[in-house]
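Participant: give me the fold of what follows.
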Amino acid sequence: MTSPISAPVRIAAVQTVSGPDVAENLRIAGELIAEAATQGARLVALPEYFPLISPDETAKVRIRERDGEGPLQDFLRACARRHGICLVGGTIPLVADDDGKVRNATLVYDERGERIARYDKIHLFGFRKGEERYDEAATIERGGDVVVFDSPAGRTGLSVCYDLRFPELFRAMGEVDLIVLPAAFTHTTGRAHWEVLLCARAIENQCYVLAPAQGGRHPGGRVTWGHSLIADPWGEVLACRAEGPGVVVAELDPERIAAVRESLPALRHRRL
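Facilitator: Down below sits the predicted model:
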């Protein structure tokens, strides 16, 4: 498949260290989106849980919104329109079928502030090691649909955090130019697997990967790995921010995608 874009385009990943104060989280996210736009990014992605990370896992249920309405969606819509960018809105909690849970949803808005895609996180994180425990299924209802859309960066596939460990999801996207993966990886699992898995997804799908993350010690005590990064189709990390709020920017070059796929036509060699 030929890339639908003909020239390099700047893409950006926003890194935050969100806490329980939604208004403050939105203020910081807004400033970082503006910074990315000022650096020329046409597609900007926020991290998972950018509006809220709280020691109380049920807090996200209390701020969940109905699809299409609410202050979090208004914020994303307004930022995309104000800066004239394609904005991948990390994840926000949307209403689920189960009243006690949310859909952990990635919403995408175009430069006019119109929503063009929604992806609900499919794979729900569970982890137990000593006192460190996570069980997303307790408060999150999983999605079921693979989502790919056209963006200023070409054919773009959506995924979230723990999805990274399931390569069959990315194969199901078909040939894409860009994979976006908002995340809030734990420090433990991130230190061990974050970069190697992101680069593997870039290499095996011969596309760019844009991974905005939570990165640092949160007000409630949780520590996330950060290392928001952009990787190219050869698995080279073009930009990375280890921790703390900030922005990483790099160019997605369609000629780089074409050259990698021409010299090593692995996608055409698939047999299963």
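Participant: would you mind measuring the gap between the ends of stretch 177-185?
Facilitator: The first residue of stretch 177-185 is 24 Å away from its last residue (Cα to Cα, to the nearest Å).
Participant: what is the mean pLDDT for it?
Facilitator: Taken as a whole, stretch 177-185 has an average pLDDT of 98.
Participant: repeat for stretch 152-171
Facilitator: Stretch 152-171 carries an average pLDDT of 98.
Participant: quick one: buried residues of it?
Facilitator: By 16 or more other Cβ atoms under 10 Å, the buried positions in stretch 152-171 come out as 152-164, 169-170. C-beta coordinates here come from the backbone N, C-alpha and C atoms, glycine included.
Participant: sitting in strands, which of those residues do you find?
Facilitator: Residues of the buried residues of stretch 152-171 located in strands (DSSP state E): Gly154, Arg155, Thr156, Gly157, Leu158.
Participant: of these, which pair is most distant in space?
Facilitator: Farthest pair in those (Cβ to Cβ) is Gly154 and Leu158. Separation: 13.6 Å.
Participant: buried residues, the longest helix seen in the chain. List them.
Facilitator: In the chain, taking DSSP state H as the definition, the longest helix is helix 187-205. In terms of neighbour count (16+ other Cβ under 10 Å), helix 187-205 has its buried residues at 187, 189-190, 194-195, 197-203, 205.
Participant: and Asp98, how many neighbours?
Facilitator: Using other Cβ atoms under 10 Å, Asp98 has 12 neighbouring residues.
Participant: show me the beta-bridge partners of Glu251.
Facilitator: Arg10 (DSSP bridges).
Participant: contact partners for it?
Facilitator: Counting by Cβ atoms under 8 Å, 6 or more residues apart in numbering, Glu251 touches Pro8, Val9, Arg10, Ile11, Leu238.
Participant: assign Glu24 to helix, strand or coil.
Facilitator: helix (DSSP: H, G, I helix; E, B strand; the rest coil).
Participant: can you give me the strands in the stretch 101-250 of the chain?
Facilitator: 102-109, 115-120, 126-129, 132-135, 148-151, 154-158, 178-180, 208-211, 215-217, 223-225, 228-231, 237-241, 246-252 (DSSP state E, counting those that start in this stretch).
Participant: distance to Leu26 for these - can I get that in TSV?
Facilitator: Shown next, in TSV, are the strands of the stretch 101-250 of the chain (distance: least, Cβ to Cβ, whole Å):
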stretch	distance to Leu26
strand 102-109	14
strand 115-120	18
strand 126-129	28
strand 132-135	25
strand 148-151	23
strand 154-158	21
strand 178-180	20
strand 208-211	21
strand 215-217	18
strand 223-225	18
strand 228-231	18
strand 237-241	20
strand 246-252	16
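Participant: among these, which is the most enclosed?
Facilitator: Mean neighbour count (mean count of other Cβ atoms under 10 Å) peaks for strand 208-211 among the strands of the stretch 101-250 of the chain, with a mean of 28.
Participant: now tabulate the buried residues of helix 187-205 in a markdown table and tack on distance to Ala41.
Facilitator: Output for these, formatted as a markdown table (distance: Cβ to Cβ, whole Å):
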| residue | distance to Ala41 |
| --- | --- |
| His187 | 27 |
| Thr189 | 28 |
| Gly190 | 24 |
| Trp194 | 22 |
| Glu195 | 22 |
| Leu197 | 24 |
| Leu198 | 19 |
| Cys199 | 21 |
| Ala200 | 25 |
| Arg201 | 21 |
| Ala202 | 19 |
| Ile203 | 24 |
| Asn205 | 22 |
